[in-house]
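**Q** Please work out how this folds:
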Amino acid sequence: QVQLSESGGGLAPAGGSLRLSCTASGLTFSSYNMGWFRQAPGKEREFVAVVSDDGDRAFYLDSVKGRFTISRDDAKNTVYLQLRSLKPEDTAVYYCAADSRYRGVRAGKYEYDYWGQGTQVTVSS
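**A** Prediction:
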């Protein structure tokens with residue numbers, strides 16, 4: 001049974017930082033590209049970032065480039081999303097997701113194989 005468990009969300013001021021973590025179990029972590037998505041109230045879920053299975057490539061939503069950093073630690077089966085210079089429009093539920101490496105690195109509106117339950121990020125103005 002595959003489980004993805006996010007943590008690290010919370011309330012932060014505009015300009016602040018948070019680090020999200022997502023720990024996976026029940027899958028061969030190194031065989032998956034790992035991504036982060038988010039969904040704000042009343043909006044569709046959107047892609048935020050993805051890191052390749054080998055950690056060598058990463059892609060980002062344009063609006064978070066230079067502010068967010070995705071990374072992974074395969075020894076811990078964990079993917080991270082460092083959020084900096086937060087803006088109120090970053091407020092959303094953030095989801096991590098796992099995507100088979102055999103599909104290539106998919107950055108965008110894709111349905112990944114496995115999803116976590118989400119963690120709330122709220123940025124106050």
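
**Q** List the contacts of the spatially closest residue to S100 that is not a sequence neighbour.
**A** With sequence-adjacent residues excluded and distances taken as C-beta to C-beta, 6 or more residues apart in numbering, S100 is closest to D113, at 5.7 Å. C-beta here means a position set from N, CA and C on the backbone, and glycine is covered the same way. D113 makes contact with Y32, A97, A98, D99, S100 under the criterion C-beta atoms under 8 Å, 6 or more residues apart in numbering.

**Q** Repeat the analysis, applying 6 Å as the threshold.
**A** Under the criterion of C-beta atoms under 6 Å, 6 or more residues apart in numbering, the contact list for D113 reads A98, D99, S100.

**Q** Same check on R101?
**A** By C-beta under 6 Å, 6+ apart, the contact list for R101 reads S31, N33, D53.

**Q** Now do the residue nearest to it when sequence neighbours are not counted against R84, distance only.
**A** Nearest residue to R101, sequence neighbours excluded (C-beta to C-beta, 6+ apart): D53, at 4.1 Å. Distance, D53 to R84, using C-beta to C-beta, to the nearest Å: 25 Å.

**Q** Which one's more surrounded, these two?
**A** Using other C-beta atoms under 10 Å, the more surrounded residue of D53 and R84 is D53, with 21 against 14.

**Q** That one contacts G35, correct?
**A** No: D53 is not in contact with G35 according to C-beta atoms under 6 Å; the separation is 11.5 Å.

**Q** okay, which residue is most central for the protein?
**A** Nearest to the mean C-alpha position of the chain, by C-alpha atoms, centre = their mean, lies W36 at 2.1 Å.

**Q** That one is in what secondary structure piece?
**A** Using DSSP states H and E, W36 maps to strand 32-39.

**Q** Tell me which residues are up against that strand.
**A** Residues outside strand 32-39 that contact it (C-beta under 6 Å, 6+ apart) are 45, 47-53, 72, 79, 81, 92-99, 101, 105.

**Q** roughly how far apart are the closest residue to S124 other than its chain neighbours and G116?
**A** Closest residue to S124 apart from its sequence neighbours, by C-beta to C-beta, 6+ apart: P13 at 5.4 Å. Distance, P13 to G116, by C-beta to C-beta: 25 Å.
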